[in-house]
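Chemist: Following is a predicted model, sequence given first.
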Amino acid sequence: MGYIAPEIYSPNFRGVSYKSDVYRFGMLVLEMVSGRRNSDPGIENQNGVYLPEWIYERVVAGQDITLSREIADQEKETVRQRAIVALWCIQWNPKNRPSMTKVVNMLTGRSQNLPIPPKPYA
């Protein structure tokens, strides 16, 4: 699926909207915070789990997302917050995704204590 928003290929939605870009941005952020490509199965992903699902499960469980390097505790919380923003961006239904203005506010800390979104592909 990569960076293609679900509404582009799903008949349940009414085509492409500006929220398609929000989806692509979220997928890019997930790759950045995890240090893994969406299409790149890794040691933790041998059973074919989709990268957003893998990250979602790790965020919910309070586990580290980055496996490629050691990071300080403060940076771990920043990575976790970025992952939560990205998970909001990749919600299946475009109506559940934030606008890019809201995404910027979340990333710059104007929205503190971000709730964990629903599972993106539930």
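Modeler: Received it, and whenever you're ready, just let me know what you need. Since this is a predicted model, take the numbers as computed values, not measurements.
Chemist: From residue 100, how far out is residue 79?
Modeler: Remark: distance between residue 79 and residue 100 (CB to CB, to the nearest Å) = 21 Å. C-beta here means a position set from N, CA and C on the backbone, and glycine is covered the same way.
Chemist: Between the two, point out the one with more neighbours.
Modeler: residue 79 (19 against 14; other CB atoms under 10 Å).
Chemist: Can you point out the buried residues in the helix or strand hosting residue 23?
Modeler: Counting by DSSP states H and E, the element that carries residue 23 is helix 19-34. The neighbour-count check on helix 19-34 (16 or more other CB atoms under 10 Å) flags 19-20, 22-27, 29-31, 33-34 as buried.
Chemist: tell me which strands and helices that helix is in contact with?
Modeler: Counting contacts by 3 or more CB pairs under 8 Å, 6 or more residues apart in numbering; DSSP states H and E, helix 19-34 packs against helix 6-9, helix 51-61, helix 73-89, helix 100-107.
Chemist: among these, which gets the worst mean confidence?
Modeler: When the helices and strands packed on helix 19-34 are ranked by mean pLDDT, helix 6-9 comes last with a mean of 76.
Chemist: any chance of the helices and strands packed on helix 19-34 in TSV, plus distance to residue 118?
Modeler: Output for the helices and strands packed on helix 19-34, formatted as TSV (distance: least, CB to CB, whole Å):
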stretch	distance to residue 118
helix 6-9	14
helix 51-61	9
helix 73-89	9
helix 100-107	16
